[in-house]
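Colleague: fold the following and give me the result.
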Amino acid sequence: MTHSDLVEIGRKWLLRPYRNGSQHGHGGCRIVLTELVAYNTYSEIPDVIGFDQGKGQSILIECKTSLSDFRADQRKMFRQVPNFGIGDQRWFLAPEKIVPVEELPRGWGLLEVQENGRIFMVKPSQRFEKHAQSEIQLLISLVCRLDFIPDNSIAIRVFTPMETGKPPKKNATASIVKEAGTVADKPKPEFTDDIPSPALVYSSNFGVKPWDLEELF
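Modeller: Numbers count the residues shown, from 1 in each chain. I've put the predicted structure just below:
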């Protein structure tokens with residue numbers, strides 16, 4: 001079972017209600033993001049994160065295909081300091097017998113994928129004090145990747161796909177300033193060796209560090 005397989009299983013699990021009446025349950029999440037590369041304070045890239053409108057909570061799933069991957073994850077700063085991380089609920093998702101329950105970080109839940117593809121809850125997640133600023137930054141990035149009907153009362157910097165003539169990198173985006181209330185075609189970004197103008201901001205997976213830019217997304 002690959003990491004991508006687990007991400008898809010986790011995505012589907014969040015889209016469906018699960019024990020909604022219990023403390024560790026959720027309604028079907030209205031928004032689910034998978035491996036979204038976007039600037040946030042501690043540079044966390046969640047494998048899967050869902051937003052449950054009914055309970056007003058976020059649910060993080062980290063997918064692990066091996067024990068070494070799971071242990072390496074514990075060295076990340078936002079794992080060592082839980083308040084730096086995102087997610088009101090936090091779960092690891094892995095094939096059976098990969099993640100030892102006794103090695104789970106405090107408060108984390110564990111979901112195992114059985115041979116028949118069904119998810120079995122080994123241990124429930126507790127509720128965390130999250131870093132809300134990082135979640136807001138992810139959601140702002142999400143909104144800026146969507147197309148909206150222009151409105152004179154709304155101004156949004158819309159992210160559009162990079163057009164470099166080369167195969168696009170995963171989750172690659174550009175930020176283009178668009179005037180509110182217009183229906184003009186999306187402008188195409190121009191690429192030079194110069195410092196990008198404020199109207200065009202590269203995402204961090206293009207090698208430009210967020211702190212080098214005057215405007216961030």
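
Colleague: helix or strand with the lowest mean pLDDT in this protein?
Modeller: Across the helices and strands of the chain, the lowest-confidence element by mean pLDDT, DSSP states H and E is strand 200-202, at a mean of 32.

Colleague: beyond the helix or strand hosting Trp13, next helix or strand please.
Modeller: Trp13 belongs to helix 3-15 when assigned by DSSP states H and E. Sequence-wise, the next helix or strand downstream of helix 3-15 (DSSP H and E) is strand 31-34.

Colleague: now do the contacts for Lys64.
Modeller: Leu6, Phe70, Asp73, Phe92, Leu93, Ala94, Ile98, Val99 (Cβ atoms under 8 Å, 6 or more residues apart in numbering). C-betas here are computed from N, CA, C, even on glycine.

Colleague: with Ser4 instead?
Modeller: Applying Cβ under 8 Å, 6+ apart, no residues contact Ser4.

Colleague: quick one: low-confidence ranges for this protein?
Modeller: Scanning the chain for pLDDT under 70 picks out 21, 147-217.

Colleague: residue boundaries of the helices in it?
Modeller: Using DSSP state H, the helices found in the chain span residues 3-15, 67-73, 77-80, 132-143.

Colleague: got a winner among the contacts of Lys64 for most neighbours?
Modeller: Among these, the one with the most neighbours (other Cβ atoms under 10 Å) is Phe92, at 26 neighbours.
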